[in-house]
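Enquirer: have a look at this prediction, sequence included:
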Amino acid sequence: MDAENILAEHGLRNTEARHGVLDVFKKYDYALSHSDLEKELQKYFDRVTIYRTIHSFLDKGIIHKVIDDSESAKYALCADECSSDHHHDNHVHFKCTQCGNSECLTNVQIPNLNLPEGYFAKASNLLIEGACKVCS
């Protein structure tokens, strides 16, 4: 789906910054940090505009946060069925210990866990580390 349709489907105006950030996410098949986006877009947009765009995309279900062991947050495009009401990102994340890229393994689901009585899971994350298909 192209950027204009993604933005319209999630109730966002089609601005140059939003279009640019989406294009960068679509260009890579691994999660990106704010600084990764800045490097790609610094000629066109300031860091605050990129930051605000990331957060509006998170709120609307266009991207989700990828948990890995790095100190900076990373983000990846959501599957088509995500919305502002509910993210369907209950999948495994894989971090390559050689190249450092983190990817969503959307076809690998996090197994259901039986929590002790009185506990309610709102979200779960599973990170697997190893060598990716390019580095192995």
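Expert: Thanks, I have the structure now.

Enquirer: identify each buried residue in the helix or strand of the chain with the lowest mean pLDDT, please.
Expert: One helix or strand of the chain scores below all others by mean pLDDT, DSSP states H and E: strand 102-109, with a mean of 86. For strand 102-109, the neighbour count (16 or more other Cβ atoms under 10 Å) marks 102, 103, 104 as buried. Where C-beta positions appear, they are placed from N, C-alpha and C, glycine not excepted.

Enquirer: any chance of those in a markdown table, plus distance to residue 57?
Expert: Below are these laid out as a markdown table (distance: Cβ to Cβ, whole Å):
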| residue | distance to residue 57 |
| --- | --- |
| 102 | 17 |
| 103 | 18 |
| 104 | 15 |
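
Enquirer: what's the closest of the residues you listed to residue 4?
Expert: The shortest approach to residue 4 among these belongs to residue 104, at 23.4 Å (Cβ to Cβ).

Enquirer: in three-state terms, label the residue nearest to that closest one when sequence neighbours are not counted for me.
Expert: Spatial nearest neighbour of residue 104, excluding adjacent residues (Cβ to Cβ, 6 or more residues apart in numbering): residue 76 at 5.1 Å. The assignment at residue 76 comes out as strand when based on DSSP: H, G, I helix; E, B strand; the rest coil.

Enquirer: just list whatever residues bridge to residue 76.
Expert: residue 64 (DSSP bridges).
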